[in-house]
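**Student:** how would this look folded up:
(3 chains)
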Amino acid sequence: MGSLRNPVVGYYSEETRNYKKIELAGTFELLTLLGNISVKDEKPFAHLHVTLGNASGDVFGGHLIKGEVFVAELYIRELLGEPLVRKERGNNLSLWDEEPL
Amino acid sequence: MGSLRNPVVGYYSEETRNYKKIELAGTFELLTLLGNISVKDEKPFAHLHVTLGNASGDVFGGHLIKGEVFVAELYIRELLGEPLVRKERGNNLSLWDEEPL
Amino acid sequence: MGSLRNPVVGYYSEETRNYKKIELAGTFELLTLLGNISVKDEKPFAHLHVTLGNASGDVFGGHLIKGEVFVAELYIRELLGEPLVRKERGNNLSLWDEEPL
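**Tutor:** Residues are numbered from 1 along each chain as shown, chains lettered A, B, ... in the order given. Got it, this is the predicted structure:
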């Protein structure tokens, strides 16, 4: 929660198998920032989705690519257990292994 | 967080006392999926609200009725204590009992 | 999660250093309500951001100023440790102290 300046979000297209970049100009209220930090290529990797509000109350959002933080209040919870590891699946998506429950 | 194909969301109308169905065509970034699983008719019952982003970064959302999962990363937390039980309130809403705090 | 009647949300303008009020008429699905309760002027102070869906599935949102609760299902988690205290920063924003990690 907070404010982001000039955020860039992505939309994953199943057709092109790529993220389309959406550049948003101005400062937006950061309404939600939800996601997780897991492991990719042996390094911490954040996967975050955002919703953003403008001065009219309209909301935009997507997969967070970047944005300059004006203010941010975050809550991060450590989850213990087996590390979740992302692997590239041949479609520009790095996903965790699926396992039977 | 993830992607949903052809999601259907609902809007509860106080006037008609019913959910209006909103059918969204295409694949959407699942920006938020928040809610809870409690008990209704002695069975687990999920109540979920979503926000969904399209290829332009526009955001839609409502009470989740259905949607095909393309990718989903979820965090579910078990809350111990008295079970929360939903009961139909005569207006097509199944709510928990209110209790004095 | 739930429904709010006639919510009023705010957008903080870096230029005017003030919140612009956005009044939304009608009943909206409360899609997300995220935030925190910390301490300001020695009293509990809630800072909440919302996203709200209308009967067409369009989404609006911002910093929650007020709204009449029709239904609300909330999860509040107590975080123990040093209290987070907000202080006015001369720009109508009350923020926590930044500390080196």
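
**Student:** Quick check on A:N91: phi, psi?
**Tutor:** phi -140, psi 30 (degrees, to the nearest 10).

**Student:** That one contacts A:T16, doesn't it?
**Tutor:** No: contact criterion CB atoms under 8 Å: A:N91 and A:T16 do not qualify, at 9.8 Å. Backbone N, C-alpha and C define where each C-beta goes, glycine included.

**Student:** buried residues in the strand or helix carrying A:H63?
**Tutor:** Under the criterion of DSSP states H and E, A:H63 resides in strand A:59-72. Neighbour counts over strand A:59-72 (16 or more other CB atoms under 10 Å in any protein chain shown) mark A:59-64, A:67, A:70-71 as buried.

**Student:** Say whether chain C is contacted by it.
**Tutor:** Yes: Strand A:59-72 lies within reach of chain C by CB under 8 Å from any CB of the partner chain, at A:59, A:70-71.

**Student:** Can you pull the phi and psi angles for the closest residue to chain C within chain A?
**Tutor:** Of all residues in chain A, A:G57 sits closest to chain C, at 4.0 Å by CB to the nearest CB. Note on A:G57: its backbone torsions stand at phi 90, psi 0 [degrees, to the nearest 10].

**Student:** Give me the number of neighbouring residues for it.
**Tutor:** Per other CB atoms under 10 Å in any protein chain shown, the neighbour tally for A:G57 reads 22.

**Student:** residue boundaries of the helices in chain A?
**Tutor:** For chain A, helices defined by DSSP state H do not occur.

**Student:** picking that back up, ok, and the closest non-adjacent residue to the residue of chain A closest to chain C?
**Tutor:** C:I22 (4.0 Å; CB to CB, 6 or more residues apart in numbering or on different chains).

**Student:** and that neighbour, what does it touch?
**Tutor:** Residues near C:I22 by CB atoms under 8 Å, 6 or more residues apart in numbering or on different chains: A:55-57, C:8-11, C:60, C:62.

**Student:** before we move on, the earlier item: in CSV, list the residues of strand A:59-72 next to chain C along with pLDDT and distance to A:E42.
**Tutor:** Formatted as CSV, the residues of strand A:59-72 next to chain C follow (pLDDT from 0 to 100; distance: CB to CB, whole Å):
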residue, pLDDT, distance to A:E42
A:V59, 98, 36
A:F70, 95, 32
A:V71, 94, 32
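
**Student:** okay if I get the residues you listed as CSV plus distance to A:R77?
**Tutor:** Shown next, in CSV, are the residues of strand A:59-72 next to chain C (distance: CB to CB, whole Å):
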residue, distance to A:R77
A:V59, 25
A:F70, 24
A:V71, 21
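
**Student:** Chain B next: which of those are close?
**Tutor:** Restricting the residues of strand A:59-72 next to chain C to those near chain B by CB under 8 Å from any CB leaves A:V59.
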